[in-house]
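**Student:** Provided below are the primary sequence and the corresponding predicted coordinates.
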Amino acid sequence: MNDIGIVRKLDPVGRIVLPTDLRRKLDIKEGDPLELFVDNGHIYLKKYEPACIFCGEVKGIMSYESKNICKGCMDELKIL
């Protein structure tokens, strides 16, 4: 995602504001849980989506092209 370059300062308690355009692009709404990852000196932020995007199942989740899909839906879609 190198198409957006935005600089933000932390406030005194460590918060930043995500610009509206960025939230729209990533479908992040007020109250959505976000995950933070640290890897090799970089901080990654992504929308937390632990369940299958099709049926909502939370067990047996696999990631396919950065989307969570359960085995049942994966089989139904014949992706594997």
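**Tutor:** Yes, it's here.
**Student:** how far away is the residue of the chain most remote from its centre from K47?
**Tutor:** The C-alpha centroid of the chain is most remote from P12, which lies 25.8 Å away (Cα atoms, centre = their mean). To K47, P12 is 26 Å away according to Cβ to Cβ, to the nearest Å. Quick note: C-beta positions are derived from backbone N, CA and C, even for glycine.
**Student:** List the contacts of stretch 48-68.
**Tutor:** Contact partners of stretch 48-68, identified using Cβ atoms under 8 Å, 6 or more residues apart in numbering, comprise 32-35, 69-74, 79.
**Student:** Endpoints of that stretch, how far apart?
**Tutor:** 10 Å (Cα to Cα, to the nearest Å).
**Student:** do stretch 47-66 as well
**Tutor:** Separation of the first and last residues of stretch 47-66 by Cα to Cα is 11 Å.
**Student:** any idea how far it is from the chain center?
**Tutor:** From the chain centre to the centre of stretch 47-66 is a distance of 11 Å (Cα atoms, centre = their mean, to the nearest Å).
**Student:** I would like the residues contacting stretch 69-79, please.
**Tutor:** Against stretch 69-79 from outside (Cβ under 8 Å, 6+ apart): 52-55, 57, 59-64, 80.
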